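Peer 1: Predicted coordinates and the sequence they were generated for:
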Amino acid sequence: QLQLVESGGGLVQPGGSLRLSCAASGFALDFYAIGWFRQAPGKEREGVSCISSNNIITNYTESVKGRFTISKDNAKKMVYLQMNSLKPEDTGIYYCAAAAVLGSACASEYHYWGQGTQVTVSS
């Protein structure tokens, strides 16, 4: 059974850092693109970052470029989102998602989702 479990969220002050983790089980990350998404209260879910199955391509939404870094360890079946210089507008539930897309591309649609982890940026 394919499963994704996020962890690493919490409360952090503006300017602080967090590293989110996404543990995959039941499938090999080598064959999947992974995306990180977030949903703030009262807002639609938005894509934050993605990484291709071969780890060559990474994309970021404009608001997090230069602050967030996505990485994937296929051997450990782990995906990470390093978040630095956090801002209150980064607050939300963060989800990782997987799509069976091979090669150097992110996915346009994701079929497998984790349960999410809460990130709150506040002083």
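Peer 2: The structure has been received and is ready for your questions.
Peer 1: can you pull the contacts of the most centrally placed residue in the chain?
Peer 2: Nearest residue to the geometric centre of the chain (Cα atoms, centre = their mean): Trp36, 2.6 Å. Contacts for Trp36 (Cβ atoms under 8 Å, 6 or more residues apart in numbering) come out as 20, 22, 47-50, 70, 79, 81, 94-97. For the C-beta atoms, the positions are set from N, CA and C on the backbone; glycine is no exception.
Peer 1: can you do 7 Å?
Peer 2: Trp36 is in contact with Val48, Ser49, Ile70, Leu81, Tyr94, Cys96, counting by Cβ atoms under 7 Å, 6 or more residues apart in numbering.
Peer 1: how near is it to Ser123?
Peer 2: Plainly put, Trp36 is 24 Å away from Ser123 if you go by Cβ to Cβ, to the nearest Å.
Peer 1: Could you list the alpha-carbon positions for stretch 51-59 in CSV?
Peer 2: What follows is stretch 51-59, C-alpha atoms only, in CSV (Å, rounded to 0.1, in the frame of the first residue of the first chain):
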residue,chain,number,x,y,z
ILE,A,51,11.2,17.4,-7.7
SER,A,52,11.4,14.9,-10.6
SER,A,53,11.8,11.2,-10.1
ASN,A,54,15.5,11.4,-11.1
ASN,A,55,16.1,14.4,-8.8
ILE,A,56,17.3,16.5,-11.7
ILE,A,57,14.4,18.9,-12.0
THR,A,58,13.2,21.1,-9.1
ASN,A,59,10.6,23.8,-9.3
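Peer 1: in that stretch, what counts as buried?
Peer 2: Ile51, Ser52, Ser53, Asn55 (16 or more other Cβ atoms under 10 Å).
Peer 1: For the helix or strand hosting the residue nearest to the centre of the chain, what is the distance to the chain centroid?
Peer 2: Using DSSP states H and E, Trp36 sits in strand 33-39. On the basis of Cα atoms, centre = their mean, to the nearest Å, strand 33-39 sits 4 Å off its chain's mean C-alpha point.
Peer 1: Parallel or antiparallel, which strands does it pair with?
Peer 2: Paired strands of strand 33-39, with direction, are strand 46-51 (antiparallel), strand 92-99 (antiparallel) (DSSP bridges).
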